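Engineer: Let's see this in three dimensions:
(one chain, ligands or ions: 1)
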Amino acid sequence: MTDPATTPSLVKERPTPALEARGVSLAYDQTVVFEGLDLRIETGEVTTLIGANGCGKSTLLKAFGRLLTPTAGTVELDGRGVRSIPTREVARRLAILPQKPLTPSATTVRDLVSRGRHPHQSLLKPWTPADTIAVDEALAATGLETLADRDTASLSGGQLQRAWIALVLAQRAPTILLDEPTTFLDLSHQLDVLRLVRSINRERGATVVMVLHDLTLAGRYSDRLVVVGGGRVIADGTPWEVLTPAVLREAFDLDAIVIPDPSSGSPLIVPVDPDDAIALDAE
Ligand SMILES: Nc1ncnc2c1ncn2[C@@H]1O[C@H](COP(=O)(O)OP(=O)(O)OP(=O)(O)O)[C@@H](O)[C@H]1O
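Structural biologist: Numbers count the residues shown, from 1 in each chain. From the prediction side, this is the model:
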């Protein structure tokens, strides 16, 4: 007879997630957004949080980024309580682009992007050629080389958004949190940013957690979607598992048809307008 104490477990251990919320409650004064939430963010994946306005996507991202302290439960980064990790170490492991970052005044694009290198510096290790390379590469990846010496105050909304994304890239953190990185961007630049996100994930192995509002783009550029609503996770899985008419109705109160995107094969969300006779007839 086999001894259970010495027989290797048949249950395969899952790898340590990049981030994990365990029984997390999040609130602002009297507004409770989540209570006892459990969520794993797998290492090396692109995970996108989707859900209706005000459902708590940014709140969750802030908790993962240590910008908001849970009222209960713990957030772990690479298997360690994020609050127990020194701030500088967190900044080397985790980069975050908030929804409304505050741009410092009288700063050039290059200066702003260079701030992404601060976690890598110290009195003993000031600016090095490696920092310059990281900044130059981030400027090139976001198409900002020609704007590098411009004052950030003179940029368009989309250019400024790209400068912030460049800062996050320059940080070279293995885990990246992006709250609505495509805000202000035209469709072509939205694709540029999402392709960039995918290449950082595939080439550098970065773990990415994003918030996006465009469901079709979310499905196209994510390994996994987490649908949030009513203070809980409504659905969690691959884009085709999650982007179903039933989930869209529950999360967004939206009637939609979901078809394969002819360009990528990922789910294409077509919202149904009840006044639109053609769409209804076609169903
Ligand atoms: N600083 C704050 N103080 C008080 N309440 C807040 C604060 N920030 C967010 N909230 C509230 O918390 C809830 C969740 O907000 P959150 O910004 O996380 O939602 P969201 O899903 O990111 O929304 P959106 O899609 O509109 O950006 C909302 O009811 C919001 O009004």
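Engineer: mind pulling up the phi and psi values for residue 176?
Structural biologist: phi -130, psi 130 (degrees, to the nearest 10).
Engineer: Run a quick neighbour tally on it.
Structural biologist: 26 (other C-beta atoms under 10 Å). Every residue, glycine included, has its C-beta placed from N, CA and C.
Engineer: any idea how far residue 77 lies from residue 167?
Structural biologist: Separation of residue 77 from residue 167 (C-beta to C-beta, to the nearest Å): 20 Å.
Engineer: Sorry, slip of the keys, the one I care about is residue 51.
Structural biologist: From residue 51 over to residue 167 the distance is 26 Å, taken as C-beta to C-beta.
Engineer: could you pull out the strands for this protein?
Structural biologist: 19-28, 31-41, 46-50, 72-77, 80-81, 94-97, 175-179, 207-211, 224-229, 232-237, 256-260, 267-271 (DSSP state E).
Engineer: okay, these in a markdown table with distance to the ligand and mean pLDDT next?
Structural biologist: Output for those, formatted as a markdown table (distance: least, C-beta to the nearest ligand atom, whole Å; pLDDT from 0 to 100):
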| stretch | distance to the ligand | mean pLDDT |
| --- | --- | --- |
| strand 19-28 | 3 | 97 |
| strand 31-41 | 5 | 96 |
| strand 46-50 | 8 | 98 |
| strand 72-77 | 15 | 96 |
| strand 80-81 | 22 | 94 |
| strand 94-97 | 13 | 94 |
| strand 175-179 | 7 | 96 |
| strand 207-211 | 6 | 97 |
| strand 224-229 | 7 | 97 |
| strand 232-237 | 13 | 96 |
| strand 256-260 | 18 | 96 |
| strand 267-271 | 16 | 95 |
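Engineer: If residue 227 is in a bridge, with which residues?
Structural biologist: residue 50, residue 235 (DSSP bridges).
Engineer: ok, now which ones touch it?
Structural biologist: 50, 51, 233, 234, 235, 236, 242, 247, 251 (C-beta atoms under 8 Å, 6 or more residues apart in numbering).
Engineer: Turn the buried ones among those into a named PyMOL selection, would you?
Structural biologist: Buried residues within the contacts of residue 227, by 16 or more other C-beta atoms under 10 Å, are selected in PyMOL with:
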select buried, resi 50+51+233+234+235+242+247+251
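Engineer: sorry, back to before: closest to residue 145 out of the strands of the chain?
Structural biologist: Closest to residue 145 of the strands of the chain is strand 94-97 (C-beta to C-beta; 20.2 Å).
Engineer: Around the ligand, pick out the residues from this protein.
Structural biologist: 28, 31, 33, 51, 53, 54, 55, 56, 57, 58, 59 (C-beta under 6 Å from any ligand atom).
Engineer: Lowest pLDDT pick from those?
Structural biologist: Ranked by pLDDT, those bottom out at residue 31, which has 92.
Engineer: Alright, that wraps it up for me.
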